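> no FASTA, just this:
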């Protein structure tokens, strides 16, 4: 196997009065695709700083192969002092050439002449990606790379990383992103780093095995230590198992909703009973909204029942926020009408979260300085409620300024979910959250008795939480699909396929054309054979991934592990090339229609 391009060995690092890392070891190979998993506050960002060489170690060593270029995509880079995004991107000693940055920016659809201080989160993130990817890194550190990106940009980034020849380590809450790209997991847990040579798809099973082994070991320790540490992990496995049951219930709800939605996807999602009006939370009837000459939402009809969990997806600028504001009564439509139930009482957790006062304590935010908090009509002790949201109970006295960004977000969710409401509005709620908090948020949404409106680009989270997806493509039309992101994506593909099949029939009625009437021999051959080729490659990739999921393979048979890893990378490249070629000839075939 190739020697590592970077190594951390027996690293110890103090943080405040405690130890952040203890005997931490990491070796990164030249083609590693590593998912870095850990709770908010566990030290993931500090580990990135350590890899960059920006942290002075208390013990241990950092070794980098000569000539290796390490690039860090920070979660929120400081762009102050720069007039435009381009000024920031080309600034600094190690900035790549401007033409290289602009080439990436063009592919991502970002105007780097945008004023830096007024740029949106998505624009800032694309600018940062343009600079990082243009730097030709040998090792790329990605800190929440999909935050603020729309679905199109996420898919573009996935394709770029799939072709990337270097190594990367990624921190992300986006399970779909991690499952597609990573081949190994490193888990930052209780001051040390554990590694498994599996993609993120095998992470849950692996951690459950580790936690079960830890539980058996804890039984041999004294009772006090067991009580102090067990709460950290006991709920994780139980929560995952409970969420499997919630997923089954969610699928049943989706089946019920599918029966209510007509073939054209324009049903009002009504009930067939006389009490339909009393069960309706929001009723949108033939709603249209335009800005200037552009129609954002066109002739949209939807009846949302109490208890529905509605996901809204689409590219940035497609109209998601406009639709959300109309459904909540914040924005009036140009045509049509939105009627809200008189008893509707909502709470909103949006992506422009107000900064919590860093000088206040956690106790002040949750319980106004007291020991008890009112949680939807029931009193709970603040320490017990903190445990429900995966905080150490002793954190009640901590200052807000000492919390990580993810911990602040989790605290905000804890406060908002305590309030009485029957409408919950979440705009990009998964940003900055770790995996365990996402599991918790999934659980809370599943148990919520009211209606949920959720805007998100997190495909996996949508698949785990919503009963109906509203898909916007920027044309003004809104797809209404029973299910999550995958159901909406599948419907779009089916519609494209149906459109292609319908075009030959329509072409019979068109006037003769001088354009080519059929594909060339080579194009037709590729058009016919590539779907089967792609299917074969996907099957072989799945078999390789299953074999690599064996946690003992690397130890017992390192040569086979290396061969399987290389074969998997080769097949990914073959599959991507086959997909690109098929899309090319499919577009030609569509043009012939």
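Sure thing, it's come through. Just so you know, these numbers come straight off a predicted model, no measurement behind them.

> got any ranges where the stretch 351-500 of the chain has weak pLDDT?
When the per-residue scores of the stretch 351-500 of the chain are filtered using pLDDT under 70, the ranges that remain are 351-355, 499-500.

> neighbouring contacts of stretch 440-451?
Applying CB atoms under 8 Å, 6 or more residues apart in numbering, the contact partners of stretch 440-451 are 239, 242-243, 246, 249-250, 281-282, 304-310, 388-390, 413, 417, 421-424, 429-430, 433, 452, 454, 461, 464-465. Bear in mind the C-beta positions are built from the backbone N, C-alpha and C, glycine included.

> how about it: buried residues?
Of the residues in stretch 440-451, those scored as buried under the neighbour-count criterion (16 or more other CB atoms under 10 Å) are 440-446, 448, 450-451.

> mind listing which of the residues you listed are in helices?
Counting by DSSP state H, the part of these found in helices is 440-446.

> For the nearest residue to residue 166 once chain neighbours are set aside, give its distance to residue 155.
Excluding its sequence neighbours, the residue lying closest to residue 166 (CB to CB, 6 or more residues apart in numbering) is residue 138, at 4.9 Å. When distance is defined by CB to CB, to the nearest Å, residue 138 is 25 Å away from residue 155.

> residue boundaries of the strands in the stretch 351-500 of the chain?
With DSSP state E, counting those that start in this stretch, the ranges of strands along the stretch 351-500 of the chain come out as 372-375, 378-381, 423-427, 451-455, 468-472, 478-482.

> same question, the stretch 1-150 of the chain
In the stretch 1-150 of the chain, the strands defined using DSSP E, counting those that start in this stretch lie at 6-15, 18-28, 33-37, 59-64, 70-73, 139-143.

> Of those, which is nearest residue 489?
Distances from residue 489 to each of the strands of the stretch 1-150 of the chain were compared by CB to CB, and the smallest falls on strand 33-37, at 22.8 Å.

> Residue 422 versus the spatially closest residue to residue 420 that is not a sequence neighbour, what's the distance?
In space, residue 420 comes closest to residue 376 once its chain neighbours are excluded; the distance is 5.5 Å by CB to CB, 6+ apart. Distance of residue 376 to residue 422, computed by CB to CB: 11 Å.

> Who has more neighbours out of those two?
The neighbour count for residue 376 versus residue 422, taken as other CB atoms under 10 Å, is higher for residue 422 (17 against 12).

> and that one, what does it touch?
With CB under 8 Å, 6+ apart as the criterion, the residues that contact residue 422 are 281, 306, 343-346, 449-451.

> follow-up on the earlier one: can you redo the strands of the stretch 351-500 of the chain as TSV with distance to residue 145?
What follows is the strands of the stretch 351-500 of the chain, written out as TSV (distance: least, CB to CB, whole Å):
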stretch	distance to residue 145
strand 372-375	35
strand 378-381	37
strand 423-427	20
strand 451-455	19
strand 468-472	23
strand 478-482	27
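
> quick one: which of those is nearest residue 258?
Taking CB to CB as the criterion, residue 258 comes closest to strand 478-482 out of the strands of the stretch 351-500 of the chain, the separation being 3.7 Å.

> Tell me which other helices or strands that closest one touches.
helix 223-260, strand 294-305, strand 468-472, helix 485-507 (3 or more CB pairs under 8 Å, 6 or more residues apart in numbering; DSSP states H and E).

> change it to 6 Å
helix 223-260, strand 468-472, helix 485-507 (3 or more CB pairs under 6 Å, 6 or more residues apart in numbering; DSSP states H and E).

> strands paired with that strand, and their directions?
Partner strands for strand 478-482, per DSSP bridges, with pairing direction: strand 468-472 (antiparallel).

> Tell me the buried residues within the contacts of stretch 440-451.
Neighbour counting with 16+ other CB under 10 Å marks 239, 242-243, 246, 250, 281-282, 304-306, 308-310, 389-390, 413, 417, 421-424, 429-430, 433, 452, 454, 461, 464-465 as buried within those.

> Specify the next element, helix or strand, located C-terminal of the helix or strand bottoming out on mean pLDDT in the chain.
When the helices and strands of the chain are scored by mean pLDDT, DSSP states H and E, helix 276-279 comes last with a mean of 59. With elements assigned by DSSP states H and E, the helix or strand that comes after helix 276-279 is strand 280-291.

> Which strands and helices lie in contact with that next one?
By 3+ CB pairs under 6 Å, 6+ apart, strand 280-291 packs against strand 294-305, strand 335-340.

> Packed most tightly, which of those would that be?
strand 294-305 (a mean of 20; mean count of other CB atoms under 10 Å).
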